[in-house]
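> Starting from these lines, generate the structure:
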Amino acid sequence: MDRRSWPWKKKSSDKSSNTDASQNSNQADQEDKAPKFVQVSPETYAHLIESEEKVKVLDEEVKVLNEKLSSAQSEITTKDALVKQHAKVAEEAVSAED
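Purely as a prediction, here's the structure:
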């Protein structure tokens, strides 16, 4: 019988090439994790700050409008219940007359 290695076992030369590849991928991962900075002109930075302030103001306006909407929906629900109650009372009054 001749001695052959099992096909699923790696040769020592294969192992060394795989470790080199894994080291290269680790270096690439570390480079991706490093913070990347972009230089921005003062005008652009001022515009970004102004935009952030506008967003904050608009967020507050949205909150106020959501509160008004919630209040209006609550009022509509209350009035709807009252209308149903009046309709029921009116129906009972008509049926009592007969």
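> Tell me which stretches of this structure form helices.
Taking DSSP state H, the helices of the chain run over residues 12-33, 42-97.
> Turn those into TSV, columns for mean pLDDT.
Shown next, in TSV, are those (pLDDT from 0 to 100):
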stretch	mean pLDDT
helix 12-33	60
helix 42-97	95
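> Can you add mean neighbour count and give these back as JSON lines?
Any C-beta I mention is one placed from the backbone N, CA and C, and that applies to glycine too. Putting the helices of the chain into JSON lines (neighbours: other C-beta atoms under 10 Å) gives the following:
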{"stretch": "helix 12-33", "mean neighbour count": "10"}
{"stretch": "helix 42-97", "mean neighbour count": "10"}
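> Distance check, Q73 against E53.
31 Å (C-beta to C-beta, to the nearest Å).
> whoops, T78 was the one
38 Å.
> Also F37?
23 Å.
> Likewise for H86?
Noted for H86: a distance of 50 Å to E53, by C-beta to C-beta.
> Please apply the same query to Y45.
Using C-beta to C-beta, we find Y45 at a distance of 13 Å from E53.
> K84 too?
Computed as C-beta to C-beta, the K84 to E53 distance reads 47 Å.
> cool, P35 as well?
Separation of P35 from E53 (C-beta to C-beta) stands at 25 Å.
> Likewise for S70?
Computed as C-beta to C-beta, the S70 to E53 distance reads 26 Å.
> do the same with K36
Taking C-beta to C-beta as the measure, K36 falls 26 Å from E53.
> Likewise for V62?
For V62 relative to E53 (C-beta to C-beta), the value is 15 Å.
> Next: E61.
For E61, the distance to E53 equals 13 Å [C-beta to C-beta].
> and what of K33?
Taken as C-beta to C-beta, the span from K33 to E53 is 32 Å.
> Same question for E67.
In this view, E67 and E53 are 22 Å apart by C-beta to C-beta.
> Ok, A72 next?
Distance of A72 to E53, computed by C-beta to C-beta: 29 Å.
> now A90
Separation of A90 from E53 (C-beta to C-beta): 55 Å.
> Kind regards, and thank you for your time.
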